[in-house]
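K.L.:
sequence first, predicted model second:
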Amino acid sequence: MLDQTIETMGEVRLKDVGQVYKRGNQHEIILRKCSFDVTPGKLTVLLGPSGCGKSTLIKLIAGYENPTLGAITIDGKLVQGPGSDRTVVFQETALFPWMTLHENIMFGPVEQGANKREVSEKATKLLAKVGLKGFENKYPDQVSGGMQRRAEVARAFINNPKVMILDEPFRGLDHMSRGLMQEYYSALFEETRMTTLFVTSEVDEAIFLADRIIVLSYKPTNVKAIIDVPLPRPRQFHMLTSETYGNLKEHILGLLYEEALKGFAAGAVGTVEMEQIVEAVRR
Ligand SMILES: Nc1ncnc2c1ncn2[C@@H]1O[C@H](COP(=O)(O)OP(=O)(O)OP(=O)(O)O)[C@@H](O)[C@H]1O
């Protein structure tokens with residue numbers, strides 16, 4: 001086991017959250033009356049069509065922006081800015097190129113004044129957990145993109161936040177690396193049960209990882225459906241061929257298809273993307 005404190009805290013609550021952005025003289029309503037909970041100790045996935053406002057929701061929960069309307073609380077406390085109770089991993093999050101992987105993982109806690117020896121041991125364990133044993137002393141540019149992403153996940157986990165927030169962290173990786181990342185991530189989650197909010201636009205990734213999926217509508221975005229994933233843990237790839245999985249995927253693709261059609265009618269979804277969605281639904 002990792003020496004992580006298992007804290008069954010980190011309940012995130014969104015109540016009637018609305019966000020309006022100004023573009024020149026125009027106002028655009030991005031989010032409208034968005035309400036959902038992120039349950040402590042569970043992995044909640046936010047899934048929605050491109051441009052619906054997933055990253056906007058993350059920015060609000062992270063406290064980088066304030067909502068125009070409504071309220072976001074964590075364990076009952078109003079979010080009014082960023083805080084150490086949350087760690088956010090973006091697709092663009094990068095390791096420090098001048099530090100080894102091990103030094104990168106240690107950086108945050110050491111900066112916070114934690115005991116160096118203890119942090120070093122934890123970093124070594126975490127790197128092993130994400131399949132990077134033997135690569136501790138490599139620099140980021142000496143390992144593959146997928147390995148860098150795994151180190152970034154380890155760097156986020158060592159902070160042991162109440163809530164781990166990930167915004168499409170595996171986007172842009174090739175199919176194989178993405179599959180591996182999902183396996184490593186679900187194993188880390190299953191061991192720590194760290195409250196997690198994970199954003200993706202990939203249905204397979206959502207089902208493989210999630211305890212619960214929040215499906216978002218097209219703009220102005222609100223919650224279209226909340227779906228519990230009945231697959232057992234530990235999650236294993238053979239589950240992706242089960243009947244439960246197939247039925248769930250069909251249902252979710254149907255929901256996304258309806259929303260993508262609205263986006264297409266509004267000119268927000270390109271022809272190529274629309275063709276891909278139609279093909280996915282037909283499959
Ligand atoms: N600071 C901002 N000012 C004005 N408009 C914004 C701002 N941030 C986001 N938007 C707009 O809000 C909408 C939602 O953007 P957001 O990035 O949250 O969507 P998304 O679902 O994460 O998209 P994708 O899946 O393509 O990453 C988009 O139309 C975007 O242009």
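P.N.:
Cool, got the structure.
K.L.:
list the contacts of the residue of the stretch 151-283 of the chain found nearest the ligand.
P.N.:
Going by CB to the nearest ligand atom, the ligand is nearest to residue 201 of the stretch 151-283 of the chain, at 5.1 Å. For the C-beta atoms, the positions are set from N, CA and C on the backbone; glycine is no exception. The contact partners of residue 201, taken as CB atoms under 8 Å, 6 or more residues apart in numbering, are 47, 48, 49, 50, 54, 168.
K.L.:
look up how far residue 170 lies from it.
P.N.:
Distance from residue 201 to residue 170, counting by CB to CB, to the nearest Å: 11 Å.
K.L.:
equivalent analysis for residue 49, please.
P.N.:
Between residue 49 and residue 170 the computed distance is 18 Å (CB to CB).
K.L.:
more neighbours: which of these two?
P.N.:
The neighbour count for residue 49 versus residue 170, taken as other CB atoms under 10 Å, is higher for residue 49 (29 against 21).
K.L.:
for my notes, confirm that one occurs in a strand.
P.N.:
No - assessed with DSSP: H, G, I helix; E, B strand; the rest coil, residue 49 is coil; it does not lie in a strand.
K.L.:
report pLDDT for it.
P.N.:
Reported pLDDT at residue 49 in the predicted model: 83.
K.L.:
you'd agree it is up against residue 261?
P.N.:
No - using CB atoms under 8 Å, residue 49 is not in contact with residue 261, being 9.7 Å away.
K.L.:
got the residues of this protein near the ligand?
P.N.:
21, 23, 30, 48, 50, 51, 52, 53, 54, 55, 56, 201 (CB under 6 Å from any ligand atom).
K.L.:
what do you get if the cut-off is 8 Å, keeping everything else the same?
P.N.:
By the rule CB under 8 Å from any ligand atom, the part of the chain lying against the ligand is 19, 21-23, 28, 30, 48-59, 65, 167-168, 199, 201, 216, 219, 221, 268.
K.L.:
pretty sure residue 192 is in contact with residue 159, am I right?
P.N.:
No - in this structure, residue 192 is not within contact of residue 159 by CB under 8 Å, at 11.7 Å.
K.L.:
which of these two has more residues huddled nearby?
P.N.:
Applying other CB under 10 Å to residue 192 and residue 159 shows that residue 192 carries more neighbours, namely 20 against 14.
K.L.:
re earlier: quick one: buried ones out of the residues of the chain next to the ligand?
P.N.:
19, 30, 48-49, 51-54, 56-59, 167-168, 199, 201, 216, 219, 221, 268 (16 or more other CB atoms under 10 Å).
K.L.:
from the residues you listed, which land in strands?
P.N.:
Under the assignment DSSP state E, these contribute 19, 30, 167, 199, 216 to strands.
K.L.:
and the closest residue in space to the last one that isn't next to it in sequence, what does it touch?
P.N.:
Among residues not flanking residue 216 along the chain, residue 48 sits closest, at 3.1 Å (CB to CB, 6 or more residues apart in numbering). Listed by CB under 8 Å, 6+ apart, the contact set of residue 48 reads 54, 201, 215, 216, 217, 221, 256, 259.
K.L.:
let's see it at 7 Å
P.N.:
Residues near residue 48 by CB atoms under 7 Å, 6 or more residues apart in numbering: 54, 215, 216, 221.
K.L.:
check whether the third one really touches residue 223, as I assumed.
P.N.:
Yes - contact status for residue 216 versus residue 223: in contact at 6.5 Å, counting by CB atoms under 7 Å.
K.L.:
just the strands in the stretch 101-250 of the chain please.
P.N.:
Ranges of strands within the stretch 101-250 of the chain are 163-167, 195-200, 212-216, 223-228, based on DSSP state E, counting those that start in this stretch.
K.L.:
what are the ranges of the helices in the stretch 51-200 of the chain?
P.N.:
54-62, 101-111, 116-129, 145-157, 175-192 (DSSP state H, counting those that start in this stretch).
K.L.:
got the buried residues for the longest one?
P.N.:
Same thing as helix 175-192. 177-189, 192.
K.L.:
now these in JSON lines, with pLDDT?
P.N.:
Formatted as JSON lines, these follow (pLDDT from 0 to 100):
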{"residue": "177", "pLDDT": "85"}
{"residue": "178", "pLDDT": "89"}
{"residue": "179", "pLDDT": "89"}
{"residue": "180", "pLDDT": "87"}
{"residue": "181", "pLDDT": "88"}
{"residue": "182", "pLDDT": "93"}
{"residue": "183", "pLDDT": "91"}
{"residue": "184", "pLDDT": "90"}
{"residue": "185", "pLDDT": "93"}
{"residue": "186", "pLDDT": "95"}
{"residue": "187", "pLDDT": "93"}
{"residue": "188", "pLDDT": "93"}
{"residue": "189", "pLDDT": "95"}
{"residue": "192", "pLDDT": "92"}
